[in-house]
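Peer 1: Next one to model:
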Amino acid sequence: FNLQINSRYIAVTMIFRNFILATAVAALASSCSAFAPSLEVGRSTFRATPAVTIASNARSSDASGSKTQLNMSANIDLKGKVAFVAGVADSTGYGWAIARALADAGATIIVGTWPPVLKIFEMGLRKGNFEEDSSLSDGSNMEIAKVYPLDAVFDTPDDVPDEIKNNKRYAGLDGYTISEVAAAVEADYGKIDILVHSLANGPEVVKPLLETSRKGYLAASSASAYSAVSLLQHFGPIMNEGGSMLSLTYIASEKVIPGYGGGMSSAKAQLESDTRTLAYEAGRKWGLRVNTISAGPLKSRAASAIGKEAGQKTFIELAIDYSKTNSPLEQDLYNDDVGNSGLYLCSPLARCVTGATLYVDNGLNCMGMALDSESMKQ
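Peer 2: Numbers count the residues shown, from 1 in each chain. As a prediction, the model looks like this:
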């Protein structure tokens, strides 16, 4: 009798287990397509509106009588949103790529450009020099609604010294301080939703830290780090709640990168620290999110000017070679890879992400040993 009961128990248990297993397999199969990567890794171009859509509904307890519904969609729609991208002067850098990704999702793009290169940039736009780098997924080209002159080392007109006012590269320009640009944007667009800081400059970047002057060190900090603080100070009040600020940093903030000197590594460390503090302060004050992307090396026009000597590789060329040789992912890094990550951080998909440093560098940040080191050779 006991044997008969045990055999029946075993049979029922096996049927129940098989049912659970079949249910789990079916659920896994149905979810694989929903969570599969929608973008090809390493693409030089992007598709910002993948077909995959993820929807999830959640209800709170019936006892409370309230209802919460979450709709998370992989189709990012930024139509009606305005993005100000500070630090765009050509189509080779990460700022342009982020602007293009935002435009592909429907955002209106306005940019701030350093006055000494403003005329060249505007001429390039008029002549269509950047059309090849402006293409969007629907076949159209990104349109920059307005270009503002911006020198982010000056907060107010009183900060501008006479040597700048009388500089021929600033001739005929005014209203290029951060406070003036914020006021002009408010007059033109009312409020904005996205603020991108794509600015960095160190006049003594080729000097080792031991040879960097106080003036050069503070100049790097002013242009590359405090400029982000000042931008948020002045643009925060004209940003819609739920908006996002994004900046760009570099692994030199936490690891020694010979050749990236002049106080620039310190400025990037400062920028990352400020990102966390600003995430708290701007989050509580205006309901804004603040994040930064630690991007891998890219041969942009600005980066190519570091340590350029005839017959030798530039700093950025050496950095790219090192990165590709020693990163976990042996592949090229394109500016659109950072653009797509920036799109995510500035979109509602990242509504709970703030104060973060997102590494987009093929994983180089996690390496502690150089694979191409002489000591590794046998």
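Peer 1: ok, now how distant is Ser91 from Cys366?
Peer 2: Distance, Ser91 to Cys366, by C-beta to C-beta, to the nearest Å: 31 Å. Yep, even glycine has a C-beta here, placed from its N, CA and C like the rest.
Peer 1: So between those two, which is more surrounded?
Peer 2: More crowded of Ser91 and Cys366, by other C-beta atoms under 10 Å: Ser91, with 23 against 9.
Peer 1: Pretty sure that one sits against Glu131.
Peer 2: No: no contact is recorded between Ser91 and Glu131 when judged using C-beta atoms under 8 Å, the distance being 9.2 Å.
Peer 1: Listing partners with orientation, what would you give for the helix or strand Asp193 falls within?
Peer 2: Taking DSSP states H and E as the criterion, the element that holds Asp193 is strand 192-197. In the sheet, strand 192-197 lines up against strand 82-86 (parallel), strand 239-249 (parallel) (DSSP bridges).
Peer 1: And these: which comes nearest Arg276?
Peer 2: Within the strands paired with strand 192-197, the stretch nearest Arg276 is strand 239-249; the backing value is 11.8 Å (C-beta to C-beta).
Peer 1: just the angle between the helix or strand that that closest one is followed by and strand 192-197, please?
Peer 2: Heading C-terminal from strand 239-249, the first helix or strand you meet, by DSSP H and E, is helix 264-286. Relative orientation of helix 264-286 with respect to strand 192-197: 160 degrees, computed using axes from the mean of the first three to the mean of the last three C-alpha atoms, to 10 degrees.
Peer 1: Just after helix 264-286, pick out the following helix or strand.
Peer 2: Tracing the chain past helix 264-286, the next element assigned as helix or strand by DSSP H and E is strand 289-295.
Peer 1: Give the rounded mean pLDDT of that next one.
Peer 2: Mean pLDDT, computed over strand 289-295, is 97.
Peer 1: Kindly spell out which helices and strands sit in contact with that strand.
Peer 2: For strand 289-295, the contact count by 3 or more C-beta pairs under 8 Å, 6 or more residues apart in numbering; DSSP states H and E identifies strand 239-249, helix 264-286, helix 335-346, strand 357-360 as packing neighbours.
Peer 1: For Gln233, which of the ones you listed is the nearest?
Peer 2: When the helices and strands packed on strand 289-295 are ranked by proximity to Gln233, the top entry is helix 264-286, at 9.4 Å, counting by C-beta to C-beta.
Peer 1: for the closest one, which positions count as buried?
Peer 2: The neighbour-count check on helix 264-286 (16 or more other C-beta atoms under 10 Å) flags 264-272, 274-276, 278-279, 282, 286 as buried.
Peer 1: about what we covered before: now the strands paired with strand 192-197 as CSV including mean pLDDT, mean neighbour count and distance to Arg126?
Peer 2: Output for these, formatted as CSV (pLDDT from 0 to 100; neighbours: other C-beta atoms under 10 Å; distance: least, C-beta to C-beta, whole Å):
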stretch, mean pLDDT, mean neighbour count, distance to Arg126
strand 82-86, 98, 26, 19
strand 239-249, 98, 22, 27
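Peer 1: The closest residue to Ile194 other than its chain neighbours: what's it in contact with?
Peer 2: For Ile194, ignoring the flanking residues on the chain, the nearest one in space by C-beta to C-beta, 6 or more residues apart in numbering is Ala83 at 3.7 Å. Each residue near Ala83 by C-beta atoms under 8 Å, 6 or more residues apart in numbering is listed here: 99, 102, 107-110, 192-196, 346.
Peer 1: Closest one to Asn167 out of those residues, please.
Peer 2: Taking C-beta to C-beta as the measure, Ile110 is the one of the contacts of Ala83 closest to Asn167, at 24.9 Å.
Peer 1: beta partners of the closest one?
Peer 2: Under DSSP bridges, the beta-bridge partners of Ile110 are Phe84, Lys146.
Peer 1: Now do it: how many residues are near it, please.
Peer 2: Burial measure for Ile110: 23 neighbouring residues, criterion other C-beta under 10 Å.
Peer 1: Let me see the contact set for it.
Peer 2: Taking C-beta under 8 Å, 6+ apart as the definition, contacts of Ile110 comprise 82-85, 144-148, 185, 188-189, 192.
Peer 1: Output the helices and strands packed on strand 289-295 in a markdown table; the columns should cover distance to Ala319.
Peer 2: As requested, the helices and strands packed on strand 289-295 are arranged in a markdown table below (distance: least, C-beta to C-beta, whole Å):
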| stretch | distance to Ala319 |
| --- | --- |
| strand 239-249 | 15 |
| helix 264-286 | 13 |
| helix 335-346 | 15 |
| strand 357-360 | 15 |
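Peer 1: Out of those, which is closest to Ser375?
Peer 2: Closest to Ser375 of those, according to C-beta to C-beta: helix 264-286, at 24.6 Å.
Peer 1: The closest one vs strand 289-295, what angle?
Peer 2: Helix 264-286 and strand 289-295 are oriented at 160 degrees to each other (the same axes, to 10 degrees).
Peer 1: Quick one: residues in contact with helix 264-286.
Peer 2: Applying C-beta under 8 Å, 6+ apart, the set of residues contacting helix 264-286 from outside is 200, 202, 205, 209, 217, 220-221, 223-226, 228-229, 232, 236-237, 239, 241, 243, 245, 247, 249-250, 252-254, 256-257, 288-292, 294, 354-357.
Peer 1: buried subset of those residues?
Peer 2: Among the contacts of helix 264-286, those classed as buried by neighbour count (16+ other C-beta under 10 Å) are 200, 202, 205, 217, 220-221, 223-226, 228-229, 232, 236, 239, 243, 245, 247, 249-250, 252-253, 257, 288-292, 294, 354-357.
Peer 1: low pLDDT regions in this structure?
Peer 2: 1-74, 299-311 (pLDDT under 70).
Peer 1: let's see 90
Peer 2: When the per-residue scores of the chain are filtered using pLDDT under 90, the ranges that remain are 1-75, 92-93, 297-325, 331, 334, 368-378.
Peer 1: residues contacting the residue nearest to the spatial centre of it?
Peer 2: Centroid-nearest residue in the chain, with C-alpha atoms, centre = their mean: Gly342, separated by 3.7 Å. Shown here is Gly342, whose contacts under the criterion C-beta under 8 Å, 6+ apart are 94, 97-98, 101-102, 196, 246, 293.
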